[in-house]
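Q: My questions are about this predicted structure, shown below with the sequence.
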Amino acid sequence: MLRAAAIIPARFNSTRFPGKPLSLLKGKPVIQYVYEQTSLAKLTDAVFVATDDKGIFDAVTNFGGKAVMTSPSHASGTDRIAEAARDIDCDIIVNVQGDEPFIKPEMVDDVVKLLLDDPSVSIGTLAARIKTRQDVVNENVVKVVFNNDGFALYFSRSPIPFHRDEWTLQSIEHSLPRTFYCYKHIGIYAYRKDVLLKLSKLPQTKLEKIEKLEQLRALENGIKIKVKETAFETTGIDTPEDLRRAEEWLNSYS
């Protein structure tokens with residue numbers, strides 16, 4: 001049995017950027033960057049790409065990676081990795097987003113370690129201190145608050161915690177908060193396999209539907225999520241413009 005396996009969900013028909021996993025970044029597919037970075041982690045024993053597209057499957061196997069074909073009807077990446085995980089004999093599954101070419105292997109190890117160090121932890125994830133005011137009010141930057149033991153209390157697209165003495169609803173709507181203490185959720189997860197399979201079978205919950213955040217399904221069903229602070233930042237590829245910026249960044253460091 002494997003201790004931990006990383007699964008990278010990758011679908012072709014992205015709404016904002018169709019074919020994103022196969023888009024070339026300095027001549028190499030985005031999905032290959034993600035796979036190679038994830039493979040450098042020390043606490044995972046195998047890496048797989050879970051996809052619904054034959055082109056992505058072939059691209060992964062062509063560069064020497066392992067790929068699993070999954071149903072095209074999955075509503076989320078979590079459902080996709082759950083299907084792939086059923087046939088993998090392991091204790092822990094790591095969900096690495098397929099559009100994060102600059103993911104650090106240390107981040108993969110950190111979420112696995114959350115589960116290895118504490119048998120009571122069902123899901124582990126990461127958060128980074130927000131440094132810019134723009135991120136505080138950006139709805140695409142998911143915020144998280146957690147308790148003194150590091151367990152998530154809530155995830156939201158809204159600025160949380162709300163700084164009552166410094167902010168007003170009007171100030172957040174029309175200008176950027178001057179002071180803030182907020183954390184950005186980094187979308188990498190480690191699950192105990194049985195918890196992942198259970199979670200994928202649960203129906204969508206009210207808050208999940210409102211915020212459009214899958215992790216709220218776990219919290220609403222009493223499944224705790226342990227959060228570790230990380231100093232690493234990631235740059236996801238959501239649009240062709242993001243790809244162009246990533247290419248520029250790589251060129252500047254090569």
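A: Looks like it came in fine.
Q: which non-adjacent residue is nearest I81?
A: Leaving aside its chain neighbours, I81 sits nearest to I7 (4.2 Å; criterion: CB to CB, 6 or more residues apart in numbering). Any C-beta I mention is one placed from the backbone N, CA and C, and that applies to glycine too.
Q: So what's the residue count around D79?
A: Residues near D79, counting by other CB atoms under 10 Å, number 19.
Q: For it, give me its contacts.
A: S200 (CB atoms under 8 Å, 6 or more residues apart in numbering).
Q: Are we agreed that it is in a helix?
A: Yes: secondary structure of D79 (DSSP: H, G, I helix; E, B strand; the rest coil): part of a helix.
Q: gap between it and A6?
A: 17 Å (CB to CB, to the nearest Å).
Q: Same question for V49.
A: To A6, V49 is 10 Å away according to CB to CB.
Q: Repeat that for V30.
A: Taken as CB to CB, the span from V30 to A6 is 16 Å.
Q: which of the two has more neighbours?
A: Using other CB under 10 Å as the criterion, V30 and A6 rank with A6 on top: 30 against 23.
Q: Could you give the bridge partners of the more buried one?
A: A6 has these beta-bridge partners by DSSP bridges: V47, V94.
Q: how about it, what does it touch?
A: A6 neighbours (CB under 8 Å, 6+ apart): T38, A41, T44, A46, V47, F48, I93, V94, N95, V96, V108.
Q: tell me the secondary structure for the first one?
A: Judged by three-state DSSP, the three-state class of T38 is helix.
Q: Neighbours of it, how many?
A: Neighbours of T38 (other CB under 10 Å): 25.
Q: In this structure it contacts A46, no?
A: No: the pair T38 and A46 fails to qualify as a contact (CB atoms under 8 Å) at a distance of 10.2 Å.
Q: quick one: the strands in the stretch 101-250 of the chain?
A: 123-129, 143-146, 152-156, 183-192, 225-229 (DSSP state E, counting those that start in this stretch).
Q: Mind putting the ones you listed into TSV with mean neighbour count, mean pLDDT and distance to G64?
A: TSV is the format used below for these (neighbours: other CB atoms under 10 Å; pLDDT from 0 to 100; distance: least, CB to CB, whole Å):
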stretch	mean neighbour count	mean pLDDT	distance to G64
strand 123-129	22	97	28
strand 143-146	20	98	36
strand 152-156	19	98	36
strand 183-192	23	96	23
strand 225-229	20	98	31
